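> could you work out the structure for the sequence below:
(2 chains)
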Protein chains: 2
Amino acid sequence: MMLRFLVLLLVHLLKLISFSMVKGEYTLDSVRACLVKQEDTIIFGLIDRAKLPFNSPTYHPNHTSVPHYSASLLQFLVINTETIQAEAGRYNNPEENPFFPENLPPSIVPHYNFSQFLHPAAASVNINKFIWKLYFHELLPMFVALGDDGNYAQTAASDLSLLQAISRRIHYGKFVAEAKFRESPQDYEPLIRAQDREALMKLLTSKSVEDMVRKRIEKKAMVFGQEVSVDHDVKGKYKVDPLVVSHFYQKWVIPLTKIVEVEYFLHRLD
Amino acid sequence: MMLRFLVLLLVHLLKLISFSMVKGEYTLDSVRACLVKQEDTIIFGLIDRAKLPFNSPTYHPNHTSVPHYSASLLQFLVINTETIQAEAGRYNNPEENPFFPENLPPSIVPHYNFSQFLHPAAASVNINKFIWKLYFHELLPMFVALGDDGNYAQTAASDLSLLQAISRRIHYGKFVAEAKFRESPQDYEPLIRAQDREALMKLLTSKSVEDMVRKRIEKKAMVFGQEVSVDHDVKGKYKVDPLVVSHFYQKWVIPLTKIVEVEYFLHRLD
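Numbers count the residues shown, from 1 in each chain, chains lettered A, B, ... in the order given. Model prediction:
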């Protein structure tokens, strides 16, 4: 009887351990570690996009030969790729946010039990429309060379990967906010009840963390963007200007992540 | 009259210059420089895929909830994404080779005048079916950790990007072969006429170039795969084992590129 009880207890404990390992429960530390990994993906994406010239026909409306189709080639590719990825289950994970959420089909994969770490209101926070505009008007002209080599499909695919990486990083603010809330609800609750955006922004801001992120991203852009040669080091030549990358983080990625955090907080007690 | 002639000549010359710049004519040097750039994309792709666990349901047949659909989620995603990219014009560029060329739709973008550097027989050289098998049986198990986090769509998208980068690198052998042929047709022509695979393989092989590629790829995997920290260097810890990357190049990427070269040569005088 005692043995049977011990075995059952052991099985239960093992299940719990494997469950929590698989589910990868979020903590402020694990959330920050994930943000650090996502920096690599963004820099790799910038370097890959910079290999191609601007290729402006990718962005012209009416460039396709489909009658009455007024979207750009990029929109065509993004809308259709998101459709396929939605069917493959990408947006079942609350870490992912589509650029064109309208009319996405349901997933065709069996249900997977993703961690329900966020408050359900998180689903309504999606600033991709803003990120989309920002990408074309602020980011692309800063790091891509003028020119046209005809590789518009590859350009659009590269844009999509980079847009997804940037969007993922910025919307990860929801997880940052929830982790902060769970660490000190007593600090956040009164500000949320008062719907005080300004005070929330002030409370969640850590100048020292932001400075560190900016410094690290610049260093990463230097390390990952250098020319690597077997017999000599090529100094001072980078595939994407490290200052452009850290400026983009300072001016856009960090502030937008904080806006996502505030938006999330405002609905945290709904 | 003289002025008019000079202006016309100037306009013609400018057109020629801009044309050759846009078209980026291939030489053995430019082809090799492009192979070097492609190494970065492959290593970035390996590092990005290594962030996700193996996620085996991505590769099971019948994992989708679509009745009578027996393909894996990866096949579903690759076939459908290639369809969209074909419509967006990806395969108009002879540098690109689809994994599922059967039934791809025509491109919906206006014709772009890609360089006709290759012999038309190049279109028939496509070893993606082999690369596909190699990827699952040889490469994935070498660098991806066991585990399942439910992100199957992201896994498949990451696999596709990496597969495309590897396929592009290997099929670039066609351009390497053509550049070599143009440099010394007198050496290649008799072997092609004799359809002598073995002698062709020997002639196109440069041990010293291969050694350099292997060394460079290992160094790149170390540089791009290191943990970057602002205040201290993290030594000896890599996101993907550099030896795995150089082994993959030595055992598969380089030999398969040479097989593509030989296949191309065999049809070069058709």
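
> sticking with the residue of the stretch 151-270 of chain A found nearest chain B, tell me its helix or strand.
Scanning the stretch 151-270 of chain A for the residue nearest chain B gives A:A153, at 3.7 Å (criterion: CB to the nearest CB). Heads up, the C-betas are built off the backbone N, CA and C, glycines and all. For A:A153, the host element (DSSP states H and E) is helix A:152-171.

> list the buried residues in the helix or strand just after that helix.
Later in the chain than helix A:152-171, the nearest helix or strand by DSSP H and E is helix A:173-183. By neighbour count on 16 or more other CB atoms under 10 Å in any protein chain shown, the buried set for helix A:173-183 is A:173-181.

> and those residues as CSV, adding distance to chain B and pLDDT?
Below are the buried residues of helix A:173-183 laid out as CSV (distance: CB to the nearest CB, whole Å; pLDDT from 0 to 100):
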residue, distance to chain B, pLDDT
A:G173, 19, 98
A:K174, 17, 98
A:F175, 15, 98
A:V176, 19, 97
A:A177, 22, 98
A:E178, 19, 97
A:A179, 18, 97
A:K180, 22, 96
A:F181, 24, 97
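
> spatially central residue for chain A, please.
A:R168 (1.4 Å; CA atoms, centre = their mean).

> now do the helices in chain A.
Here chain A has its helices, by DSSP state H, at A:2-23, A:28-50, A:73-87, A:128-134, A:140-143, A:152-171, A:173-183, A:185-193, A:197-204, A:207-224, A:242-248, A:254-266.

> mean confidence for the last one?
Averaged across helix A:254-266, pLDDT comes to 98.

> and that helix, is it in reach of chain B?
No. Applying CB under 8 Å from any CB of the partner chain, one finds helix A:254-266 out of contact with chain B, separated by at least 15.5 Å.

> which residues does that helix contact?
With contacts defined as CB atoms under 8 Å, 6 or more residues apart in numbering or on different chains, helix A:254-266 is touched by A:118-119, A:121-122, A:125, A:127, A:130-131, A:134, A:169-174, A:176-178, A:180-181, A:188, A:191-192, A:195, A:197, A:200-201, A:204-205, A:210, A:213-214.

> can you dump the C-alpha atoms of it in PDB for me?
Below are the C-alpha coordinates for helix A:254-266, written out as PDB (Å, rounded to 0.1, in the frame of the first residue of the first chain):
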ATOM      1  CA  ILE A 254      12.500  49.700 -26.700                       C
ATOM      2  CA  PRO A 255       9.800  52.500 -26.600                       C
ATOM      3  CA  LEU A 256       7.300  50.300 -28.500                       C
ATOM      4  CA  THR A 257       7.900  47.400 -26.200                       C
ATOM      5  CA  LYS A 258       7.000  49.700 -23.300                       C
ATOM      6  CA  ILE A 259       3.900  50.900 -25.100                       C
ATOM      7  CA  VAL A 260       2.800  47.300 -25.400                       C
ATOM      8  CA  GLU A 261       3.600  46.800 -21.700                       C
ATOM      9  CA  VAL A 262       1.400  49.800 -20.800                       C
ATOM     10  CA  GLU A 263      -1.400  48.700 -23.100                       C
ATOM     11  CA  TYR A 264      -1.300  45.300 -21.500                       C
ATOM     12  CA  PHE A 265      -1.300  46.700 -18.000                       C
ATOM     13  CA  LEU A 266      -4.300  48.900 -18.700                       C
END
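
> now the angle between helix A:28-50 and that helix, please.
Helix A:254-266 runs at 140 degrees relative to helix A:28-50, counting by axes from the mean of the first three to the mean of the last three CA atoms, to 10 degrees.

> low pLDDT regions in the stretch 101-250 of chain A?
Low-confidence segments of the stretch 101-250 of chain A, defined by pLDDT under 70: none present.

> so which residues on it come close to chain B?
Counting by CB under 8 Å from any CB, the residues of the stretch 101-250 of chain A close to chain B are A:108-110, A:112-114, A:147-154, A:156-157, A:161, A:212, A:215-216, A:219-220, A:223-224, A:226, A:228-230, A:239.

> still on that earlier bit, hmm, the residue nearest to the centre of chain A is touching A:E95, no?
Yes. Contact status for A:R168 versus A:E95: in contact at 6.4 Å, counting by CB atoms under 8 Å.

> residues touching the closest residue in space to A:K37 that isn't next to it in sequence, list them.
The shortest distance from A:K37 to any non-neighbouring residue, by CB to CB, 6 or more residues apart in numbering or on different chains, is to B:K51 (6.1 Å). Residues in contact with B:K51, defined by CB under 8 Å, 6+ apart, are A:37, A:41, B:239.

> residues near the nearest residue in space to A:E210 that is not next to it in sequence, how many?
Nearest residue to A:E210, sequence neighbours excluded (CB to CB, 6+ apart): A:I254, at 5.6 Å. For A:I254, the count of nearby residues is 20 (other CB atoms under 10 Å in any protein chain shown).

> now do A:F99
The tally of other residues near A:F99 (other CB under 10 Å) stands at 19.

> quick one: residues contacting it.
Contacts of A:F99 were listed using CB under 8 Å, 6+ apart, and they are A:78, A:82, A:128-129, A:131-132, A:163, A:167.

> switch the cut-off to 6 Å
Contacts for A:F99 (CB atoms under 6 Å, 6 or more residues apart in numbering or on different chains) come out as A:78, A:128, A:132.

> per-residue pLDDT, the nearest residue to the second one once chain neighbours are set aside?
The one in question is A:N128. Excluding the flanking residues, the one nearest A:N128 by CB to CB, 6+ apart is A:F99, at 4.6 Å. You'll see A:F99 listed with a pLDDT of 98.
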